[in-house]
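> The following block contains a protein sequence and its predicted model.
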Amino acid sequence: MEDGVLSARGSPNIGDSASSSDKVEFIKKRRVQKVPESPNGGVKRFSRVCRQTHHDRRSGASQKPGLNQHGFVKDPERKQRRNSGGDGRTINKRGGVKVSTNCSTKWLSYGGCIPSILRALETVKDLDEALSPWEESLSNKERSIILKEQSCWERALEIFEWLKKKGCYELNVIHYNIMLRILGKARKWHHVESLWDEMMSRGITPVNSTYGTLIDVYSKGGLTEEALHWLDRMNKQGMEPDEVTMGVVVQTYKKAGEFKKAEQFFKNWSLGKTLKDEGKTSEPTATSAVESASQPHVCLSSYTYNTLIDTYGKAGQLREASDTFAWMLREGIIPNTVTFNTMIHICGNHGQLEEAASLMQKMEELRCPPDTRTYNILISLHAKHNNIDRAASYFKKMKEARLEPDLVSYRTLLYAFSIRHLVGEAEILVSEMDERGLEIDEFTQSALTRMYIEAGMLKKSWLWFRRFHLEGNMSSECYSANIDAYGERGHILEAEKAFLCCKESRKLSVLEFNVMIKAYGISNRYEKACQLIDSMENHGVLPDKFSYNSLIQILASADLPHKAKFYLMKMQETQLVSDCIPYCAVISSFIKLGQLEMAEGLFKEMIGYNVQPDVVVYGILINAFADVGNVREAVNYVNAMRNAGLPMNAVIYNSLIKLYTKVGYLEEAQEAYKMLQASEVGPDVYSSNCMIDLYSERSMVKQAEEIFESLKRKGDANEFSFAMMLYLLSYNNVLGFYAMDGRFKDAVGTFKEMIEAAIQPDDCTFKSLGVVLVKCGIPKQAVGKLEMTRKKDPQSGLQAWTSILFSVVEVDDTDAQISCSATSFSSTVCVS
């Protein structure tokens, strides 16, 4: 059922095990190795990237003080960061951009005229003016640096075109590689293609790094197929990927979830096979891939090992990842922090926390210091495996190692504390974040609201919510998450207050209305739910599919189908009905109240609106008519469902078996039960009991016993199953079954058991015994005379029956043969 609430909750994102920011020491090979060329034509180096986090967009807001147990006061001085950009730049009073100290330091590191050139390009728009002092002296390297240092793709392209226009500069493949990367990162695919065509027309031959760059940018742009198209072009040129390009291709396959293809590509590359051989070899095993890369001519960088380990990790192949890690150590390549982080993450995801701990010890042995990400992974893994004390201990160890916990550290541990209602521990972390000026994101804010509510600290939850409301930075999604937190726990007054706060902030959207409708439903405030949806247009918000679905489900579940139908018709008028789910809810509600005519009428209206019923709707109607024993109507809906091409399911078969049991249709019930047995679900205890009931009425002991034994094997037999079998297997029923089946010896044996058990035979008993005598050739008249004797004198009559039965039907435990002696019986009657 759709409840109409778009949840604003989620879990903190720890990130991938081998993110681009972790690509450190990409090509630190042993000295004897040749350093591969990177896609931009130079040595491949990676530095950490400081990404703007979700909360940073709120960093410039003025802070209004709010209350907290520990003051709940935010630092008002943080508003001075309002003029700070997220990319390390500051905005001056005239609106210009002042380059940060970090950028200036980097420029200075180039030496020579580069800092002056870059500063000129940053401050002077006209290129002729900006570059005039160095116009005739720019070297290839300087041109490369100038292009590479441009943060805006338009400016980079403008400089590139200026260099071409001057005609006095040689633009080689390295310059084109730089521009391909810049344009690719900006996802300007038309410009990328044009630049490629220009290279071809100018006779500039692409090199390994050119293809590596193109594959990389297209892959990161989400265009996997196009990225692999560049690999095909590389193949057609007869060029084999170097290690850098191989790593890019493996990353591309990994990102697309094609882990086997990634492994196969690496195997082929390490064996020195051409790209044409790809796909012709047998599917690899992890061992074969490791062994194939252990050839004498293959010598890999730590980055390549990290890529392979991460690929196996994301494929869920722990053994292969461990084998690659061991192979890396055997080759004498010292794992870096990225390697260990990836391995710890993989082991932890497979529940091998002890192995993760041993990897931490290995880091110490190799003097490879853990970083903040290492501890974040460990905190997340132990919290996920419900070892919150261990998670908190790693947070403490991180500080002891003089590493600053980052936002991920705090968010991960805060969420873990909040769902376990560890209020004190959570508040300590909040205080630390406030002291450090770290923003609390909306996910964490709503998670802590829930924590206070679920811990029974309603007043604190409100103070916590109010703190963020007064800051004025809460989004509509955050308001809805807080309203939902109150509503789900039945705190309707607080939910309404939070709703009004959102209204004051002019943040009302359909989300707030939807969660408020849900809250009214949970608190059984059906009239208020209706009033709220009716008022939405007055607030400039239109109900959506979730609004109507939620209210209709609430009203239908509350046995208010007529009101539910009213809103269903409004939903239909606004053309928001896309399936039969709301109709199904109202039809079911009418049926529950016994209003079959209303249910059928609504079903016909649904068909009239061209809304196609599904199996559930048909199942509800079939079951309704089965309950009242209306075979004709039930079968009509079964036929309509089949005509619509919908498959029968277990629910339908169960309903039919119930119906056929009520009206005593054995053959039809047997057919439905047979189909149920062939289904994936199989028969449930109710339908099985129905069949036992049908068989009991007909003394079909064998068939009933088969179903009963099946129920017992599965542990599904209930009191009704046993009661029906007890009735079926009572002495009279069993005796009657044996008599009808010609099993006279068993019938007389059952009669003997009754006498020995001191169970008084009745008329039904002697009726079945009379059948035995008649089938053995005794005249009905003689049996009648015997019965008259019993009725005149029950005691002597019982003795006569016993004597005659055992003389007519010889019961011999060692002989299975049954002998009927009419002569013996006749002489006994004459004597009497």
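That came through fine.
> Just the C-alphas of stretch 142-159, formatted as CSV.
What follows is stretch 142-159, C-alpha atoms only, in CSV (Å, rounded to 0.1, in the frame of the first residue of the first chain):
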residue,chain,number,x,y,z
GLU,A,142,53.9,26.4,-20.2
ARG,A,143,51.0,26.1,-22.7
SER,A,144,50.1,22.7,-21.1
ILE,A,145,50.1,24.2,-17.6
ILE,A,146,48.1,27.2,-18.6
LEU,A,147,45.3,25.0,-20.2
LYS,A,148,45.4,22.6,-17.3
GLU,A,149,45.0,25.2,-14.6
GLN,A,150,41.8,26.6,-16.1
SER,A,151,38.8,25.9,-13.8
CYS,A,152,36.2,27.0,-16.5
TRP,A,153,35.9,25.0,-19.7
GLU,A,154,34.8,28.0,-21.7
ARG,A,155,38.0,29.9,-20.7
ALA,A,156,40.2,26.9,-21.4
LEU,A,157,38.6,26.6,-24.9
GLU,A,158,39.0,30.3,-25.5
ILE,A,159,42.7,30.1,-24.7
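> List the buried residues for that stretch?
142-150, 153, 155-157, 159 (16 or more other CB atoms under 10 Å). In short, each C-beta sits where N, CA and C put it, glycine included.
> again, but for stretch 114-126
By neighbour count with 16+ other CB under 10 Å, stretch 114-126 contains the buried residues Ile114, Pro115, Ile117, Leu118, Ala120, Leu121, Glu122.
> Keep only those of these that are in helices.
Judged by DSSP state H, the buried residues of stretch 114-126 include Ile114, Pro115, Ile117, Leu118, Ala120, Leu121, Glu122 as members of helices.
> does the fourth one really touch Ile146, like I thought?
Yes: if you go by CB atoms under 8 Å, Leu118 and Ile146 touch, sitting 7.1 Å apart.
> Quick check: neighbours shared by the two?
Shared contacts of Leu118 and Ile146, defined by CB atoms under 8 Å, 6 or more residues apart in numbering, are absent.
> circling back to that earlier point, present the buried residues of stretch 114-126 as TSV; the columns should include distance to Lys165 and pLDDT.
Shown next, in TSV, are the buried residues of stretch 114-126 (distance: CB to CB, whole Å; pLDDT from 0 to 100):
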residue	distance to Lys165	pLDDT
Ile114	22	84
Pro115	25	87
Ile117	18	85
Leu118	20	88
Ala120	18	87
Leu121	16	87
Glu122	21	85
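> looking at this, Gly332 is in a helix?
No: counting by DSSP: H, G, I helix; E, B strand; the rest coil, Gly332 is not part of a helix but coil.
> Distance-wise, check it relative to Ile309.
Distance of Gly332 to Ile309, computed by CB to CB, to the nearest Å: 17 Å.
> now swap in Glu129 and tell me
Applying CB to CB to Glu129 and Ile309 gives a distance of 51 Å.
> Neighbour count: the two, which is higher?
Ile309 (27 against 10; other CB atoms under 10 Å).
> May I have the secondary structure class of Glu439?
Classified using three-state DSSP, Glu439 is coil.
> can you pull the pLDDT of it?
On pLDDT, Glu439 comes in at 92.
> and if you look at the one 4 residues further on?
Confidence at Phe443, expressed as pLDDT, is 94.
> Quick check on the closest residue to Tyr526 other than its chain neighbours: phi, psi?
Once flanking residues are discounted, Tyr526 sits nearest to Ala558: 5.7 Å by CB to CB, 6 or more residues apart in numbering. With angles defined as degrees, to the nearest 10, Ala558 sits at phi -90, psi 10.
> Ala558 contacts Ala529, doesn't it?
No: if you go by CB under 8 Å, Ala558 and Ala529 don't touch, sitting 9.7 Å apart.
> Which one of these two is surrounded by more residues?
For Ala558 versus Ala529, neighbours defined as other CB under 10 Å are more numerous around Ala529 (25 against 15).
> ok, the more buried one touching Ile517?
Yes: Ala529 is within contact range of Ile517, at 5.0 Å (criterion: CB under 8 Å).
> list the residues that contact both of those two?
Both Ala529 and Ile517 are in contact with Leu551, Ile554, where contact means CB under 8 Å, 6+ apart.
> got a markdown table for the buried residues of stretch 142-159, with pLDDT too?
Putting the buried residues of stretch 142-159 into a markdown table (pLDDT from 0 to 100) gives the following:
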| residue | pLDDT |
| --- | --- |
| Glu142 | 85 |
| Arg143 | 85 |
| Ser144 | 86 |
| Ile145 | 87 |
| Ile146 | 86 |
| Leu147 | 89 |
| Lys148 | 88 |
| Glu149 | 86 |
| Gln150 | 88 |
| Trp153 | 92 |
| Arg155 | 90 |
| Ala156 | 90 |
| Leu157 | 92 |
| Ile159 | 88 |
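> Just flag the most distant two among those residues.
Maximum pairwise distance among the buried residues of stretch 142-159 (CB to CB): 20.1 Å, between Glu142 and Trp153.
> Can you give me every residue that contacts Ser547?
Gly4, Val510, Phe513, Asn514, Ile517, Ile533, Met536.
> what would those residues look like in a markdown table with secondary structure, pLDDT and distance to Ala640?
Shown next, in a markdown table, are these (DSSP: H, G, I helix; E, B strand; the rest coil; pLDDT from 0 to 100; distance: CB to CB, whole Å):
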| residue | secondary structure | pLDDT | distance to Ala640 |
| --- | --- | --- | --- |
| Gly4 | coil | 36 | 30 |
| Val510 | helix | 97 | 36 |
| Phe513 | helix | 97 | 38 |
| Asn514 | helix | 97 | 35 |
| Ile517 | helix | 97 | 34 |
| Ile533 | helix | 97 | 33 |
| Met536 | helix | 96 | 37 |
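> Mind picking the two most distant members of those?
Gly4 and Met536, at 12.4 Å, using CB to CB across the contacts of Ser547.
> mind checking how far Val631 is from Gln572?
Val631 is 33 Å from Gln572, by CB to CB.
> any weak-confidence spans in this structure?
Scanning the chain for pLDDT under 70 picks out 1-106, 168, 273-298, 811-832.
> Show me where it has its strands.
For the chain, applying DSSP state E gives strands covering 90-91, 97-98.
> which parts of stretch 558-570 are buried?
Buried residues in stretch 558-570 (16+ other CB under 10 Å): Leu560, Pro561, Lys563, Ala564, Lys565, Tyr567, Leu568, Lys570.
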